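A.B. asks: whatever this is, show me its structure:
(one chain, ligands or ions: 1)
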Amino acid sequence: QNEQAVGRLFDYKIIGIDPGAGIMKSTAQAIQDYDLEGWNLIEGSSAAMTATLDKAIREEQPIVLTGWTPHWMFNKYDLKYLEDPLKTYGDAEEIHTIARLGLADDQPSAYEFLKRFHWSSDEMGEIMTSMQNGQAPNKAAAEWAAAHKDRIEEWTKGIQPVTGDKLTLGYVAWDSEIASTHLLQYILENKLGYKVTALQVEAGPMWTGVAGGDIDATVAVWLPLTFADYWAKYQDMVEDLGANMTGVRTGLVVPSYVDIDSIEDLKK
Ligand code: PBE
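C.D. replies: This is a model prediction of the structure:
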């Protein structure tokens, strides 16, 4: 490979997350679409990726990684999305809530609450930032709930509480979904009387869990693009309760000091 090539600066590596994530699939597609010959997409986890990012930034090294918004990393570091002229990462995405078939009949209170639940990326960002500052997810969620009683009231008003019924929420350990799932757990337990298991799984088992009925619901479904494959496969086996957040985004991200603006530039 050419000594001057841009890819060399980055060691031909895109730092990714868990292999089941939709963004890993979009990024494999981006490598094809943008003809990024010789580039490797590195698998890992959200936590490993942000640790690698932190180190690169401290050393002011070039790095390119899979990124999504909302995410605390955009508050903590000076980062930018690379332009995506081929729209491999689609346009704005939404985060949907899906439930297992039959939840509406079996657990109408949880179902109604999940259907109503809809918030903004700024609101989610407050929980993520508190987690990032070292607060445990359940504590961060409880604090957020205490500070936003009006929102909790909107989401739960008139819903009949239950007495200790069990409910399982599935999620993947992406920072955004850790935040949302723990908030839901908090509200379902403290306002609606459920006993909630927040089950951390990989993306594939999250979908098969809801489709098979072992998981009651998840708030971690990025559509239309990020989870297009899983959606195509499982849409008839789950119920879509609609978007819980709109205007979210995925793509490739670099620190602002990296002198590149578009995914196309990676090929140079
Ligand atoms: N994400 C965050 C996920 C969905 C939530 C963008 C990393 C993904 O499947 O890629």
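
A.B. asks: okay, now the unreliable bits of the stretch 1-150 of the chain?
C.D. replies: 1-4 (pLDDT under 70).

A.B. asks: what residues does it have near the ligand?
C.D. replies: Contact residues, the stretch 1-150 of the chain versus the ligand (Cβ under 6 Å from any ligand atom): 17, 21, 22, 23, 68. For glycine as for every other residue, the C-beta is placed from the backbone atoms N, C-alpha and C.

A.B. asks: and these, which of them are in strands?
C.D. replies: Cross-referencing these against strands under DSSP state E gives residue 68.

A.B. asks: give the ChimeraX command for selecting the buried subset of the residues of the stretch 1-150 of the chain next to the ligand.
C.D. replies: Burial among those is assessed by 16 or more other Cβ atoms under 10 Å; the matching ChimeraX selection reads:
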select :17,21,22,23,68
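
A.B. asks: list of residues touching stretch 256-265?
C.D. replies: Under the contact criterion Cβ atoms under 8 Å, 6 or more residues apart in numbering, stretch 256-265 has outside partners 6, 30, 34, 36, 60, 62-64, 78-80, 82-86, 88, 252, 254, 266.

A.B. asks: now, of those, which are buried?
C.D. replies: By neighbour count, with 16+ other Cβ under 10 Å, those hold 6, 30, 34, 36, 62-64, 79-80, 82, 84, 88, 252, 254, 266 as buried.

A.B. asks: in helices, which of these fall?
C.D. replies: Among those, the residues falling in helices (DSSP state H) are 6, 30.

A.B. asks: for the buried ones among the contacts of stretch 256-265, work out which two are farthest apart.
C.D. replies: Greatest spatial distance among the buried ones among the contacts of stretch 256-265 (Cβ to Cβ): 62 and 88, at 21.0 Å.

A.B. asks: quick check, nearest of the buried ones among the contacts of stretch 256-265 to residue 121?
C.D. replies: Looking across the buried ones among the contacts of stretch 256-265 and measuring by Cβ to Cβ, the closest to residue 121 is residue 79, at 15.4 Å.

A.B. asks: can you tell me which residues contact the closest residue to that closest one other than its chain neighbours?
C.D. replies: Leaving aside its sequence neighbours, residue 79 sits nearest to residue 253 (Cβ to Cβ, 6 or more residues apart in numbering; 5.2 Å). Listed by Cβ under 8 Å, 6+ apart, the contact partners of residue 253 are 64, 65, 66, 67, 73, 79, 80, 81, 82.

A.B. asks: are we agreed that the third one is in a strand?
C.D. replies: Translated: residue 66. Yes. Assessed with DSSP: H, G, I helix; E, B strand; the rest coil, residue 66 lies in a strand.

A.B. asks: residue 107: which of the residues of the stretch 1-150 of the chain next to the ligand is nearest?
C.D. replies: Distances from residue 107 to those, taken as Cβ to Cβ, are shortest for residue 22 (27.6 Å).

A.B. asks: isn't residue 57 up against residue 76?
C.D. replies: No. Look at residue 57 against residue 76 with Cβ atoms under 8 Å: they stay out of range, at 9.1 Å.

A.B. asks: before we move on, the earlier item: farthest pair within the contacts of residue 253?
C.D. replies: Most distant of those, by Cβ to Cβ, are 73 and 82, 14.9 Å apart.

A.B. asks: stretch 175-193: which residues count as buried?
C.D. replies: Buried residues in stretch 175-193, counted by 16+ other Cβ under 10 Å: 175-188, 191-192.

A.B. asks: following the helix ranked longest in the chain in sequence, what is the next regular element?
C.D. replies: Using DSSP H, we find that the single longest helix of the chain is helix 175-190. Sequence order places strand 195-200 as the next helix or strand after helix 175-190, per DSSP states H and E.
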